[in-house]
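Undergrad: model this:
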Amino acid sequence: MPALWIAHVTVTDAEAYGRYAALAGPAIAAHGGEFLARGGRYVQLEGRGHARNVVAQFPSLEAAEACYRSPEYQQALDHARGASERDVVIVETTG
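TA: Alright, predicted model coming up:
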């Protein structure tokens with residue numbers, strides 16, 4: 001079953017976050033992830049909004065979680081820590 005990796009992000013250090021993005025994209029692609037939305041326009045209907053919203057689709061929940069836990073993604077994530085406020089969730093789709 002495919003899964004969506006959904007991240008809501010407020011960038012606090014654009015330079016460091018840029019280093020994260022440069023490394024994260026290839027790590028996500030290497031695990032079968034494909035970006036569906038990446039910082040485009042949005043309408044916040046409820047809850048706390050973030051300036052950047054990212055959605056990537058993976059072949060499965062397990063593939064998305066393996067990507068997040070992979071050494072390549074963790075190396076990228078080192079640049080996002082302290083450079084952003086993030087909420088990240090993986091959600092299995094209904095098919």
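Undergrad: Just list the residues touching residue 93, thanks.
TA: 1, 2, 3, 4, 57 (CB atoms under 8 Å, 6 or more residues apart in numbering). Where you see a C-beta, it was placed from the backbone N, CA and C, and this is true even at glycine.
Undergrad: can you give me phi and psi for it?
TA: phi -80, psi 170 (degrees, to the nearest 10).
Undergrad: which helices and strands does the biggest helix by length in the chain pack with?
TA: Across the chain, the longest stretch assigned as helix under DSSP state H is helix 14-30. Applying 3 or more CB pairs under 8 Å, 6 or more residues apart in numbering; DSSP states H and E, we find helix 14-30 packed against helix 61-69, helix 71-80.
Undergrad: Which strands or helices does the helix or strand following that helix pack on?
TA: Counting by DSSP states H and E, the next helix or strand C-terminal to helix 14-30 is strand 34-38. In terms of contacts (3+ CB pairs under 8 Å, 6+ apart), strand 34-38 is packed against strand 52-58.
Undergrad: what number of residues lie near residue 25?
TA: 15 (other CB atoms under 10 Å).
Undergrad: Give me the spatial nearest neighbour of it, chain neighbours excluded.
TA: Ranked by CB to CB, 6 or more residues apart in numbering and with sequence neighbours excluded, the top spatial neighbour of residue 25 is residue 35, at 7.8 Å.
Undergrad: so the one you found makes contact with residue 58?
TA: No - if you go by CB atoms under 8 Å, residue 35 and residue 58 don't touch, sitting 10.9 Å apart.
Undergrad: Those two: who's more crowded?
TA: residue 58 (24 against 14).
Undergrad: Next, find the distance separating the more buried one from residue 39.
TA: Residue 58 sits 19 Å away from residue 39 when distances are taken as CB to CB, to the nearest Å.
Undergrad: Equivalent analysis for residue 59, please.
TA: Distance from residue 59 to residue 39, by CB to CB: 23 Å.
Undergrad: Please put the alpha-carbon coordinates of stretch 8-19 into CSV.
TA: Provided in CSV are the C-alpha atoms of stretch 8-19 (Å, rounded to 0.1, in the frame of the first residue of the first chain):
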residue,chain,number,x,y,z
HIS,A,8,5.0,20.9,7.8
VAL,A,9,8.1,23.1,8.1
THR,A,10,9.0,26.6,9.3
VAL,A,11,12.5,27.4,8.2
THR,A,12,14.6,29.5,10.6
ASP,A,13,18.0,29.3,8.9
ALA,A,14,17.7,29.2,5.1
GLU,A,15,21.3,28.5,4.4
ALA,A,16,21.4,25.4,6.6
TYR,A,17,18.0,24.2,5.4
GLY,A,18,19.3,24.5,1.9
ARG,A,19,22.0,22.0,2.7
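Undergrad: I'm done for today, thanks for sticking with me.
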